[in-house]
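Enquirer: here's a sequence, model it:
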Amino acid sequence: MARVLKALHWIKISLWNLATIPAPFIKRSGESKLRHYYSLEFAKQALTEIKNGTSTPEILEYILTSGVVLDAASRGVFEIVDLCLKYFPELMWDTNFAKKLIIKVVEGRHIELFRLVNENYPIRYLAEDNYMDFDLMEAVTKWSSRCVSPDVSGAAFLMQRELQWFQAVEFRGFFSSKWQTYIENKKSYWEKFVEQREGLLKDAGQWMKDTSSSCSLVATLIITVAFAATFTVLGGNDGSKGIPIFLNKGSFMVFVVANALALFSSVTATLMFLAILTSRYASEDFLYSLPRKMILGLTFLFLSLAFMLVAFGSALMIVLSERLKWIYIPITLLAAIPIILFAILQLPLYVEMVGSTFRPHLYRPLKLWK
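Expert: Next up, the predicted model:
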């Protein structure tokens with residue numbers, strides 16, 4: 001049995017080495033994950049030994065004074081903070097440490113850490129200390145290169161993320177920071193927040209304008225084609241009654257319904273993009289208003305493209321079905337290619353926008369004990 005296990009282990013290693021020869025990045029990725037796994041296991045063992053071999057007050061004093069957890073929180077190392085809070089939940093009993101930890105997390109814009117810490121020590125408790133309120137609001141108001149998160153693509157999403165951070169701190173702290181003023185320059189936190197992000201706001205507005213202009217052009221072309229097809233009846237009309245000749249064919253009904261849906265969807269998409277182009281592009285609009293309009297516009301644009309291709313395919317089937325009975329198979333396959341291509345190209349942007357607008361990670365609860 002031992003020989004069999006040894007042989008299987010040797011085969012597994014050989015196959016892994018063989019697979020990593022043509023693609024070295026696979027080996028580097030595997031080694032990185034392996035180092036991360038063993039580092040986490042080492043941290044668990046170290047904390048277990050420390051907890052069993054040292055008195056709790058001494059180790060708590062060391063953690064509080066050394067700044068290990070605060071440094072890990074500042075760098076966004078979720079695992080270290082999570083392990084320390086699991087092994088030593090007494091850390092959060094120290095009010096000053098808890099408030100400093102939250103401020104470090106907010107300064108670094110670490111979402112998972114924010115969810116973790118806020119679940120164990122809600123931000124609303126900061127209302128007991130006005131000075132900490134000011135420190136927290138300064139942290140969320142300040143703009144720096146650390147605010148640029150790698151998981152956010154584009155200025156519009158980054159502006160939305162910053163607004164979500166501001167809203168999370170403002171709402172959960174139970175104070176209206178828009179009306180609280182700095183003692184020095186007499187500006188509210190909201191005014192300071194907007195002032196420090198003028199460049200980001202300009203880039204986000206330009207992205208919205210460019211995207212809406214490009215999409216509205218496509219939607220307008222679909223409107224033109226669908227509107228013209230409505231009054232140009234396929235196959236002509238009966239000379240005596242004016243009834244379409246292909247009215248009794250199922251393909252003709254598919255053509256009519258798909259063309260009508262394409263027209264309605266493209267008109268709706270154009271209206272959504274027009275609403276974006278005529279927006280005032282205020283800072284708060286990037287939180288819900290503009291993203292929702294963009295989501296609706298992209299949704300109806302995709303539907304209009306799909307319905308237009310269905311109408312085109314059904315029209316070809318009507319014309320060629322008498323000669324080629326099997327023509328619906330290649331038409332269906334060819335019509336699916338543009339739809340799939342559009343979905344592949346636009347789906348990541350669409351999914352990111354929907355998730356960031358309707359279910360942002362920043363507002364999702366995270367339990368400390370798993």
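
Enquirer: looking at this protein, which helix is longest?
Expert: helix 198-231 (DSSP state H).

Enquirer: ok, then the element right after that helix?
Expert: helix 250-277 (DSSP states H and E).

Enquirer: for that next one, what is the distance to the chain centroid?
Expert: Here helix 250-277 shows a centroid-to-chain-centroid distance of 28 Å under the convention CA atoms, centre = their mean, to the nearest Å.

Enquirer: pull out the buried positions in it.
Expert: For helix 250-277, a neighbour-count test (16 or more other CB atoms under 10 Å) marks 251-252, 254-256, 258-259, 261-273, 275-276 as buried. Just so you know, the C-beta spots here come from the backbone N, C-alpha and C atoms, and that holds for glycine as well.

Enquirer: hey, which helix or strand in the chain has the poorest pLDDT?
Expert: One helix or strand of the chain scores below all others by mean pLDDT, DSSP states H and E: helix 2-20, with a mean of 61.

Enquirer: next, the contact list for S149, please.
Expert: R109, I111, L158, R161 (CB atoms under 8 Å, 6 or more residues apart in numbering).

Enquirer: hmm, try it at 7 Å
Expert: R109, R161 (CB atoms under 7 Å, 6 or more residues apart in numbering).

Enquirer: now do the SS call for it.
Expert: Here S149 is coil, with the state taken from DSSP: H, G, I helix; E, B strand; the rest coil.

Enquirer: how close does it sit to H361?
Expert: Applying CB to CB, to the nearest Å, the value for S149 to H361 is 11 Å.

Enquirer: again with V117
Expert: On the measure of CB to CB, V117 and H361 end up 14 Å apart.

Enquirer: now S265
Expert: Distance, S265 to H361, using CB to CB: 31 Å.

Enquirer: list the buried residues of the longest helix of the chain.
Expert: Buried, per 16+ other CB under 10 Å, within helix 198-231: 200-201, 203-205, 208, 211-212, 215-216, 218-219, 222-223, 225-226, 229.

Enquirer: stretch 80-100 now?
Expert: By 16+ other CB under 10 Å, the buried positions in stretch 80-100 come out as 80-85, 87-88, 91, 97-100.

Enquirer: in helices, which of the residues you listed fall?
Expert: I80, V81, D82, L83, C84, L85, Y87, F97, A98, K99, K100.

Enquirer: out of those, which one sits closest to E284?
Expert: Nearest to E284 among these: K99, at 27.7 Å, using CB to CB.

Enquirer: next, the angle from the host helix or strand of Q160 to helix 198-231.
Expert: Using DSSP H and E, Q160 sits in helix 155-172. Angle, helix 155-172 to helix 198-231, by axes from the mean of the first three to the mean of the last three CA atoms, to 10 degrees: 120 degrees.

Enquirer: next one: the following helix or strand past helix 155-172 to chain centre, how far?
Expert: Downstream of helix 155-172, the next assigned helix or strand under DSSP H and E is helix 189-195. Remark: helix 189-195 is offset 24 Å from the chain centroid, using CA atoms, centre = their mean.

Enquirer: for helix 189-195, C-alpha coordinates in PDB please.
Expert: Extracted in PDB, the C-alpha atoms of helix 189-195 (Å, rounded to 0.1, in the frame of the first residue of the first chain):
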ATOM      1  CA  TYR A 189     -16.600  66.900   5.000                       C
ATOM      2  CA  TRP A 190     -18.800  66.500   1.900                       C
ATOM      3  CA  GLU A 191     -17.300  69.600   0.300                       C
ATOM      4  CA  LYS A 192     -13.800  68.400   1.100                       C
ATOM      5  CA  PHE A 193     -14.600  65.000  -0.200                       C
ATOM      6  CA  VAL A 194     -15.900  66.400  -3.600                       C
ATOM      7  CA  GLU A 195     -13.000  69.000  -3.800                       C
END
